[in-house]
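Participant: got a structure for you, letters missing:
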């Protein structure tokens, strides 16, 4: 047999659910701005050496993100293998 639900717990749950639905509706209509931080995009591309055609490797990596990079900065970092 199940235990009866306390009306305080029921009221609190109802209020929390209603608040969550209200916030979701405000976010979907654009009334409430999304304040989460955007994530950085990272690609790790391997090259046999730095003597070869790195421009092709770089272009292929940038195409992964489908970004317009005009006027933006791109960081290239090499990794020395042990």
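Facilitator: Thanks, I have it. Please read all numbers here as calculations on a predicted model, not as lab measurements.
Participant: how many neighbouring residues does residue 39 have?
Facilitator: Residue 39 has 6 neighbours, counted by other CB atoms under 10 Å. Using the backbone N, CA and C atoms, a C-beta is placed for each residue, glycine as well.
Participant: contact partners for it?
Facilitator: Applying CB atoms under 8 Å, 6 or more residues apart in numbering to residue 39 gives no contacts.
Participant: what about residue 62, neighbour count?
Facilitator: Neighbours around residue 62, by other CB under 10 Å: 14.
Participant: tell me the spacing between it and residue 72.
Facilitator: Distance from residue 62 to residue 72, counting by CB to CB, to the nearest Å: 10 Å.
Participant: contacting residues around the helix ranked longest in the chain?
Facilitator: Secondary structure assigned by DSSP state H gives helix 7-29 as the longest helix of the chain. By CB under 8 Å, 6+ apart, the surrounding residues in contact with helix 7-29 are 32, 34.
Participant: for it, give the mean pLDDT please.
Facilitator: For helix 7-29, mean pLDDT is 88.
Participant: tell me how far the next helix or strand after it is from the chain's mean position?
Facilitator: Note on helix 7-29: by DSSP states H and E, the next helix or strand toward the C-terminus is helix 54-63. Averaging C-alpha positions (CA atoms, centre = their mean, to the nearest Å) puts helix 54-63 23 Å from its chain's average.
Participant: neighbouring contacts of helix 54-63?
Facilitator: 43, 45, 47, 69, 74, 76.
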